[in-house]
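K.L.:
got a sequence here, can you build the structure:
(chains A and B)
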Amino acid sequence: MTTWPRRRPGVVGPQLKLKLRKALAHICLISIITLVLIPFVMVAIASLRKGQFPPSALLVKPDQLSLEHWQFVLGIPCRELVNPATGETRVIQASPSPLLWLWNSVLVSGCSSLGIILLSGTAAYAFARMRFKFRGSILRALLILQMFPAVLCLIAYYVLLDYMGQHFRLIGLNTIPGLIAIYLAGISVNIWMIKGYFDTVPASMEESARIDGASQFQTFVRILLPMSAPIFAVVFILSFIYAMSEYPVASVVLQTSDTWTLAVGANSFLYEQEKLWGTFSALAVLGGLPITIVFLLCQKFVVSGMTSGAVKE
Amino acid sequence: MSLRPFLVVLVVLPALYLDFLAYESGSTWVALGLLIIIGLGAYVYLDNRLEAYRYLFPGLIGFGLFVIFPLLYTVGVSLTRYSSSHLLPYERALSLFQQETFSNGGSVYNYKLLLQPDAGFLLYLEEDKNSARRFISEPFELSAKPSGPGEAPVKVSVFAEGATPPGQPLALAQITRQKLYLPLRNRHFLLPDGTLIALEGLQKFTARQRLWKINADGSLTNLQDGSMVRPDFKQGCFVNQKGERVGVGFRAFSGFENYAQIITDPRIQGPFLKIFLWTILFSALSVAGGLAIGMFLAVLLEWKELRFRNVYRTLLILPYAVPSVLSILIFKGLFNQEFGAVNEFLRALHLFAPDWETDPWGSRGMILLVNLWLGYPYMMLVCTGMLKSVPSAIYEASAVDGSNPLKDFFRLTLPLVFPPLAPLLVASFAFNFNNFTLIYLLTAGGPRMVGGGIAGETDLLVTYTFNLAFRDSGTNYGLASAIATLLFFIVGTLAWLNLRLSARKVTA
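P.N.:
You can find the predicted model right below:
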């Protein structure tokens, strides 16, 4: 805290004014951050609290602490009290283990993000370095058509996956590759972002390599790609987070609990009749923490990519 | 010698085989489409003049399949009558009629159902009046699932005299206990002389005849009572001479009927308008609020003399880093009306505790609060980027004039920063316009709108459309697709505006 200097009341010097302003700024920031952090703390507490309580407490008594939700979420068999009067217990084990959902989510997000990089990277290269018919129109059409919310295409996705599944068991309804295929379509924003980055890389090196006899594909893979690693990291992380958080499409495509992703599985603990808040909280911490940490570690990358790659032609 | 032709052949051959499989299975149009794509692909990768398209091809095919096709399909569905009462295509609805039979008073047969070792069944038949006429069916299965329409009758052949039928005969009690008579009743059996027979009651099989005769003009004649039924392709159902509906409805082209319904049908028009207004209000407030908080924080964090800036920034980004599905569900718990942390806190302070779940404006307020929490970090990140590009020299000039930070911000910073922000704000507006996940997981559109059918007070157009298509028994794909198409035009216009705004930025 700033100490109050002895001065005549009513007159505030510029030095003090600055200090006051700084104190005000700190108070402002700290109170906002408190509001941001409280929900996370509450979830962590709820996941460690005995019984199915919604995240609402910042402190619990030590005798209320228990690892039952964590055991359940990690697929470890644990005892549950059935009848408090007689002390009767039974062994419960999650089936399928929620860890499977986390794995499914990572699989879906990883594969779709890699695929998106592959598809949008090559397309962005053509848009950035080549001149061809309909270049501008295709670029614009990509962006406008992608605005159609995926949720509203669900009827069509359903029909499409159902049809593909009849011929090809692998890419059908209720399969993870089917979901990945749908996510792969979200390339247009990424094409714009990568193209924006390619545009900032001077083409002179590629041109001199072409003169030395390298093919177009070689200059792309050997020269431009290594120089553009940061933007690919950004696209990967953003697509990964998108796929991790996507709920509506996943909930319609994936029908049985062994194919669910984390988002669908987490929501399944909160039925209308019985809300298993404790279990949900443990799963939320388990699934949310790694992504959050990765995001914060790559923060600089992501932020610079997001602002520099803003849509421009 | 280039490797490329070999690679092309390596991909094209399996693709052609797949195409052939699709053709074999009877989907001619799909096979044709696939063939065109394969041809196009081979052409693009073999012709040297089309080098640029080689890089575009995979992306554009994926985009076409999963963005453009669903879009066109949705627009197509919006022009049809397609709902829970008009679910089947015309051919399937017709085949349901073709399956109907009636007992024509012919021969009666006793039967034995024979369980086979592989869990399949055989049917053994003996004519009631002439037990020398014996038949045995092909093996068939009895699943609890109702047999689909158009299932072919099971063929039955003459059974040699003296031989014992294979398998274990089931007693009547077993047939009734296991409810085997239900799927059995749906099966038809075809005798060698072409007579159809089916189970009547529990004990006997009787000769049956197709109930409907299909006439050359497409109408159907009921052979039992002579009445006539014809398909009405405008209404999407079969009608009899009196104009009454008969049997199941089918999908039918209806033109702009669904669109007209949005404008004229009071049951849809009322909720639609209300939801439309709330959607705009929600998106506008979310963007404005997010921008205000984000900009404020960005400006604070750009203040070079402030300590701990990096720590603050990292903590402030948190809501953006956590998967939003999880944070939305967490807030659902925090805002619980009775036990939620928010109301407990407000009650402890003896303040008014709003009804976040049952009051329309209470739940709208909750949604906006949660969305501010979720949305400000993005605005903060974007604003930070923009502020960094503002040259610091302009502030020095104004400092000489004795300005203050607030004046500086509104007179100098904002006019410089706003134009490049504009397209991002439009994009953010469009995103919130379709913010399905937030509404669906937080309130599911609730509380219900009085007299609005399945519409809820906090529904956005997307969630309303989703509910129309997928929730409850009254699913109406046609109407849902019509609203989806309208939504696309609204959002498409926003996207176009976004492009125009950013184009101006480049030329400026």
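
K.L.:
mind showing which ranges of the stretch 251-400 of chain B have poor pLDDT?
P.N.:
Confidence mapping of the stretch 251-400 of chain B against pLDDT under 70 gives the ranges B:400.

K.L.:
up against chain A, what does it have?
P.N.:
B:297, B:300, B:303, B:305-306, B:308, B:312, B:314-327, B:329-334, B:336, B:339-341, B:344, B:373, B:381-382, B:384-386 (Cβ under 8 Å from any Cβ of the partner chain). Placement of C-beta: from N, CA and C, glycine included.

K.L.:
please enumerate the helices of the stretch 1-150 of chain B.
P.N.:
Using DSSP state H, counting those that start in this stretch, the helices found in the stretch 1-150 of chain B span residues B:4-24, B:28-46, B:51-63, B:69-78, B:90-99.

K.L.:
which among the residues of the stretch 251-400 of chain B next to chain A end up buried?
P.N.:
The neighbour-count test (16 or more other Cβ atoms under 10 Å in any protein chain shown) marks B:297, B:300, B:312, B:315-327, B:329-334, B:336, B:340-341, B:344, B:373, B:381-382, B:384-386 as buried among those.

K.L.:
of those, which belong to helices?
P.N.:
B:297, B:300, B:312, B:315-321, B:324-327, B:329-334, B:341, B:344, B:373, B:381-382, B:384-386 (DSSP state H).

K.L.:
now do the same for the residue nearest the centre of chain A: its pLDDT.
P.N.:
Nearest residue to the geometric centre of chain A (Cα atoms, centre = their mean): residue A:241, 1.6 Å. Per-residue confidence at residue A:241 stands at 84 (pLDDT).

K.L.:
so it is in which element?
P.N.:
Secondary structure from DSSP states H and E places residue A:241 in helix A:229-245.

K.L.:
now do residue B:363
P.N.:
helix B:360-388.

K.L.:
so that helix versus helix B:324-334, what angle?
P.N.:
140 degrees (axes from the mean of the first three to the mean of the last three Cα atoms, to 10 degrees).

K.L.:
helices or strands next to the very next helix or strand once past helix B:360-388 in the packing?
P.N.:
Using DSSP H and E, the next helix or strand after helix B:360-388 towards the C-terminus is helix B:393-400. Helices and strands touching helix B:393-400, as assessed by 3 or more Cβ pairs under 8 Å, 6 or more residues apart in numbering or on different chains; DSSP states H and E, comprise helix B:405-408.

K.L.:
quick one, strands of chain A?
P.N.:
A:78-83, A:88-92 (DSSP state E).

K.L.:
so the lengthiest helix in chain A versus helix B:324-334, what angle?
P.N.:
For chain A, the helix with the greatest residue count under DSSP H is helix A:14-47. Interaxial angle of helix A:14-47 relative to helix B:324-334 (the same axes, to 10 degrees): 90 degrees.

K.L.:
pull out the buried positions in helix A:14-47.
P.N.:
Under 16+ other Cβ under 10 Å, the buried positions of helix A:14-47 are A:19, A:25-26, A:29, A:32-33, A:36, A:39-40, A:42-47.

K.L.:
what angle separates the helix holding residue A:241 from helix B:324-334?
P.N.:
Using the same axes, to 10 degrees: helix A:229-245 against helix B:324-334 is 40 degrees.

K.L.:
buried stuff in helix A:229-245?
P.N.:
So for helix A:229-245, counting by 16+ other Cβ under 10 Å, buried means A:230-232, A:234-245.

K.L.:
next: stretch B:81-94.
P.N.:
Applying 16+ other Cβ under 10 Å to stretch B:81-94 flags B:81, B:82, B:83, B:85, B:86, B:88, B:93, B:94 as buried.

K.L.:
distance check, the closest residue to residue B:7 other than its chain neighbours against residue B:4.
P.N.:
Take residue B:7 and drop its neighbours on the chain: the residue closest to it by Cβ to Cβ, 6 or more residues apart in numbering or on different chains is residue B:45, 7.9 Å away. According to Cβ to Cβ, to the nearest Å, residue B:45 stands 7 Å off from residue B:4.

K.L.:
kindly report the same for residue A:115.
P.N.:
22 Å.

K.L.:
compare neighbour counts for these two and give me the winner.
P.N.:
residue A:115 (19 against 13; other Cβ atoms under 10 Å in any protein chain shown).

K.L.:
care to break chain B down by domain?
P.N.:
Annotated domains of chain B cover B:4-78, B:92-210, B:214-250, B:261-507 [automatic domain parsing].

K.L.:
ignore what I typed, I meant chain A.
P.N.:
A:14-92, A:98-308.

K.L.:
pick the most buried one from the ones you listed.
P.N.:
Greatest average neighbour count among those goes to domain A:98-308 (a mean of 19), per mean count of other Cβ atoms under 10 Å in any protein chain shown.

K.L.:
what stretches of chain A score poorly on pLDDT?
P.N.:
Using pLDDT under 70, the flagged stretches of chain A are A:1-13, A:304-313.

K.L.:
surely residue B:359 and residue B:447 touch.
P.N.:
Yes - contact criterion Cβ atoms under 8 Å: residue B:359 and residue B:447 qualify, at 7.4 Å.

K.L.:
ok, residue 241 - contacts?
P.N.:
This is for chain A. Residues near residue A:241 by Cβ atoms under 8 Å, 6 or more residues apart in numbering or on different chains: A:109, A:291, A:295, B:321, B:323.

K.L.:
right idea, wrong chain: chain B
P.N.:
Counted by Cβ under 8 Å, 6+ apart, residue B:241 has contacts B:227, B:228.

K.L.:
does stretch A:27-35 come close to chain B?
P.N.:
Yes - using Cβ under 8 Å from any Cβ, stretch A:27-35 reaches chain B at A:28, A:29, A:32, A:33, A:35.

K.L.:
tell me the residues of the stretch 401-508 of chain B that contact chain A?
P.N.:
B:420, B:423-424, B:427, B:430, B:434, B:436-437, B:440-441, B:462, B:465-466, B:469-470, B:477, B:480-481, B:484, B:487-488, B:491-492, B:494-496, B:498-499, B:502-503, B:505-506.

K.L.:
now with 7 Å?
P.N.:
B:423-424, B:430, B:434, B:436-437, B:440-441, B:462, B:465-466, B:469, B:477, B:481, B:484, B:487-488, B:491-492, B:495-496, B:499, B:502-503, B:505-506 (Cβ under 7 Å from any Cβ of the partner chain).

K.L.:
who's in contact with residue B:152?
P.N.:
Residues near residue B:152 by Cβ atoms under 7 Å, 6 or more residues apart in numbering or on different chains: none.

K.L.:
if we use 10 Å, what do you get?
P.N.:
B:188, B:190 (Cβ atoms under 10 Å, 6 or more residues apart in numbering or on different chains).

K.L.:
do residue B:61 as well
P.N.:
A:119, B:37, B:40, B:41.

K.L.:
so which of the residues you listed is the most crowded?
P.N.:
Scoring the contacts of residue B:61 on neighbours with other Cβ under 10 Å, the highest-scoring entry is residue A:119 at 25 neighbours.

K.L.:
does that one really touch residue A:142, like I thought?
P.N.:
No - taking contacts as Cβ atoms under 10 Å, residue A:119 lies outside contact range of residue A:142: 11.6 Å.

K.L.:
okay, and the common contacts of these two?
P.N.:
Joint contacts of residue A:119 and residue A:142 (Cβ under 10 Å, 6+ apart) are A:187, A:191, B:59, B:60, B:63.

K.L.:
what is the neighbour count of residue B:119?
P.N.:
8.

K.L.:
run a quick neighbour tally on the closest residue to it other than its chain neighbours.
P.N.:
Nearest residue to residue B:119, sequence neighbours excluded (Cβ to Cβ, 6+ apart): residue B:141, at 7.8 Å. Using other Cβ under 10 Å, the number of residues around residue B:141 comes to 12.

K.L.:
need the contact list for residue B:141.
P.N.:
Residue B:141 touches B:116, B:118, B:119, B:120, B:121, B:147, B:183, B:187, counting by Cβ under 10 Å, 6+ apart.

K.L.:
how close does it sit to residue B:185?
P.N.:
15 Å.

K.L.:
got it, and residue B:173?
P.N.:
With distances taken as Cβ to Cβ, residue B:173 is found 17 Å from residue B:185.
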